[in-house]
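Visitor: sequence unknown, structure follows:
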Ligand SMILES: Cc1ncc(COP(=O)(O)O)c(C=O)c1O
């Protein structure tokens, strides 16, 4: 198992050929199968003697892989798709081969330095000071939780005590992971009614937190996932500054928009954030899984998250950047490296152009919807989400629509709800998606 034999060489060629074909070829769409059907087709895969690499790879490529939906298919417009660059995927393979421990400077200095270059670039886009820093975690859920833990820790230190219950304020359109983080932390959420477009506004937040001493942080979305709308960040920053509240910005999905000159103004005020997240596996063209987590004052994060144990003493005694110290984890894959390699390869201008390309296909789709009598755009897209209704459709019609599209291999979409109504939602992050991918999806609603 651990020696490199002729058999390993053969397997290496087969696995690398599989990966190369997947990267070079047309992206499959496919779809799930029931567990019983997978069991029937795959047979017993975990055995005493092992199947051998060739057979295991056959089961994967012929049975299991086709039971997955590739998020980088240009017709994948459900949830939040992914669209990793070629360089980011290739380098992910290299990282997998390297057994790098990304938790400490001692073990992972080169990797952590490269990740920190990416974080510094993001901090620059936001307008955070050069002293800002953080770490890559597995996803937005982990990022939001880690940031809020720091926010609460900082509030407790500053206030010199704890209220009976802590509270975090956010719009009712905030991502479910924030509510989940609050549950994990056993804190309450002050759910603030968003405006008509789904935005957290200065006035609504100010009224909601007035006199609430137990609120320690506000989470603003940039942007909220369902409708792709950015909160009033400057207004939220004002309320936070006045109330001494931690200002966290969830840019897991929409943070990439910071790169796009055409929408940069939507993010005004973000430079005042105490913490920020963006998921490279969403709109920053990196493979799963990765979330960039940044703090204005990383020393606060270290105090909240550093783990103390005798066998770690020599790490903690060194004044070095131990990446693990900045989130709720210890062992970590250096999961910022695919983005670093890709940025280093292509340059940031290519990223700016790719984000703008996604915004362009989003706007083109909105135009196309406006041209069709049976469809109604619910609002002008701000980022890369289009919400619209098919006049006269019931919940069942939307359900049948997406199933039809997946079965036909045209695309993968999902309906959502907007002000209590079942509606259609398309989310773009793939610059390879064109109007030719979108039209058949809209045609299927005619
Ligand atoms: C705005 C926002 N925040 C947080 C998350 C959670 O991120 P993850 O799925 O990477 O945990 C998502 C996921 O879609 C999101 O869109």
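Guide: Yep, it's here. Worth saying up front: this structure is predicted, and the values here are computed from it rather than measured.
Visitor: ok, the residue positioned nearest the centre of the chain - contacts?
Guide: Residue closest to the average C-alpha location in the chain (Cα atoms, centre = their mean): residue 279, at 3.4 Å. Applying Cβ atoms under 8 Å, 6 or more residues apart in numbering to residue 279 gives the contacts 139, 140, 143, 252, 253, 255, 290, 291, 292. For glycine as for every other residue, the C-beta is placed from the backbone atoms N, C-alpha and C.
Visitor: residue 329 now?
Guide: 103, 137, 138, 142.
Visitor: same list (these) but as JSON lines, adding pLDDT.
Guide: Formatted as JSON lines, the entries for those read as follows, by pLDDT from 0 to 100:
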{"residue": "103", "pLDDT": "98"}
{"residue": "137", "pLDDT": "98"}
{"residue": "138", "pLDDT": "98"}
{"residue": "142", "pLDDT": "98"}
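Visitor: can you list the residues you listed in CSV and add neighbour count and secondary structure?
Guide: CSV is the format used below for the contacts of residue 329 (neighbours: other Cβ atoms under 10 Å; DSSP: H, G, I helix; E, B strand; the rest coil):
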residue, neighbour count, secondary structure
103, 23, coil
137, 28, strand
138, 18, coil
142, 20, helix
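Visitor: could you identify the most distant pair in those?
Guide: Within the contacts of residue 329, two members stand farthest from each other by Cβ to Cβ: 103 and 142, at 14.3 Å.
Visitor: what bridges to the residue of the stretch 301-446 of the chain found nearest the ligand?
Guide: When distances are taken as Cβ to the nearest ligand atom, the stretch 301-446 of the chain approaches the ligand most closely through residue 427, which lies 9.3 Å from it. Beta-bridge pairing for residue 427 (DSSP bridges): residue 385.
Visitor: that one reaches residue 82, doesn't it?
Guide: No. Contact between residue 427 and residue 82 fails when scored by Cβ atoms under 8 Å: they sit 10.9 Å apart.
Visitor: for the two, indicate the residue with more neighbours.
Guide: The residue with more neighbours, out of residue 427 and residue 82 and counting by other Cβ atoms under 10 Å, is residue 427; that gives 27 against 23.
Visitor: where exactly do the strands run in the stretch 101-250 of the chain?
Guide: With DSSP state E, counting those that start in this stretch applied, the stretch 101-250 of the chain shows strands at 133-137, 167-171, 188-192, 215-221, 246-250, listed in chain order.
Visitor: need the ones you listed in a markdown table with distance to the ligand, can you?
Guide: Listed next are the strands of the stretch 101-250 of the chain as a markdown table, based on distance: least, Cβ to the nearest ligand atom, whole Å:
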| stretch | distance to the ligand |
| --- | --- |
| strand 133-137 | 9 |
| strand 167-171 | 11 |
| strand 188-192 | 14 |
| strand 215-221 | 6 |
| strand 246-250 | 5 |
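Visitor: need the residues of this protein near the ligand, please.
Guide: Within the chain, the positions lying close to the ligand (Cβ under 6 Å from any ligand atom) are 80, 139-141, 144, 175, 177, 221, 225, 250, 252-253, 279, 291.
Visitor: which ones among those residues are found in helices?
Guide: Among the residues of the chain next to the ligand, the members falling in helices are 140, 141, 144, 177 (criterion: DSSP state H).
Visitor: before we move on, the earlier item: so which of the contacts of residue 279 is the most crowded?
Guide: Of all these, the most densely surrounded is residue 143 (32 neighbours; neighbours counted as other Cβ under 10 Å).
Visitor: now that residue. Nearest residue, chain neighbours left out?
Guide: Spatial nearest neighbour of residue 143, excluding adjacent residues (Cβ to Cβ, 6 or more residues apart in numbering): residue 277 at 3.7 Å.
Visitor: again with residue 61
Guide: Computed as Cβ to Cβ, 6+ apart, the closest residue to residue 61 that is not its neighbour in sequence is residue 18, at 6.1 Å.
Visitor: surely the one you found and residue 58 touch.
Guide: No. Using Cβ under 8 Å as the test, residue 18 is too far from residue 58 to be in contact (10.2 Å).
Visitor: tell me the contacts of residue 391?
Guide: Residues counted as contacts of residue 391 (Cβ under 8 Å, 6+ apart) are 374, 375, 376.
Visitor: my read: the last one touches residue 388, true?
Guide: Yes. Under the criterion of Cβ under 8 Å, residue 376 makes contact with residue 388 at 6.0 Å.
Visitor: okay, and the common contacts of those two?
Guide: Taking Cβ under 8 Å, 6+ apart as the contact rule, the neighbours common to residue 376 and residue 388 are residue 369.
Visitor: more neighbours, those two?
Guide: More crowded of residue 376 and residue 388, by other Cβ under 10 Å: residue 388, with 23 against 15.
Visitor: for the spatially closest residue to residue 243 that is not a sequence neighbour, the count of nearby residues, please.
Guide: Residue nearest to residue 243 in three dimensions, not counting chain neighbours: residue 209, with 6.0 Å by Cβ to Cβ, 6+ apart. Here the number of neighbours of residue 209 (other Cβ under 10 Å) works out to 21.
Visitor: how much space separates residue 209 from residue 362?
Guide: Residue 209 sits 33 Å away from residue 362, taking Cβ to Cβ, to the nearest Å as the criterion.
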